[in-house]
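# Pasting the sequence and the predicted model now:
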Amino acid sequence: MNISTKMQNAINGQVQYELASAYIYLAMSPTAKRRLAWMCHWLRLQWQEEVGHAMRLLNYVLRRGGRVTLEEIGKPPANSLRF
Ligand SMILES: [Fe+2]
């Protein structure tokens, strides 16, 4: 049974959130690398985790015969991490 358009669109929206979250974690990691190597490592693990969530959702839509639509991801905040 194919995925409904409503579900497909909702999951595509969630993929966008997952990738935007990943982008923010990645944006914070260079600042952390300068001060706290362990935090940089943790932030990059979170980046991987969020990308993994996006890929699982994306693959689910494809498996169910749906269409994946990726939207633009905005620039992360300039000072995502300050300390
Ligand atoms: Fe997530």
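Great, that's in hand.
# which residues are there in this protein that come within reach of the ion?
18, 50, 53 (C-beta under 5 Å from the ion). For every residue, glycine as well, the C-beta is placed using N, CA and C.
# what's the closest of the residues you listed to the ion?
Nearest to the ion among those, counting by C-beta to the ion, is residue 53 at 3.7 Å.
# which strands and helices sit next to the helix or strand encompassing the closest one?
Secondary structure from DSSP states H and E places residue 53 in helix 37-63. With contacts defined as 3 or more C-beta pairs under 8 Å, 6 or more residues apart in numbering; DSSP states H and E, the packing partners of helix 37-63 are helix 5-35.
# What residues sit buried inside the helix it packs on?
The neighbour-count check on helix 5-35 (16 or more other C-beta atoms under 10 Å) flags 8, 11-12, 15-16, 18-29, 31-32 as buried.
# And the helix holding residue 53, what's buried?
Buried residues in helix 37-63 (16+ other C-beta under 10 Å): 39-40, 43-44, 46-47, 50-51, 53-54, 57-58, 60-61.
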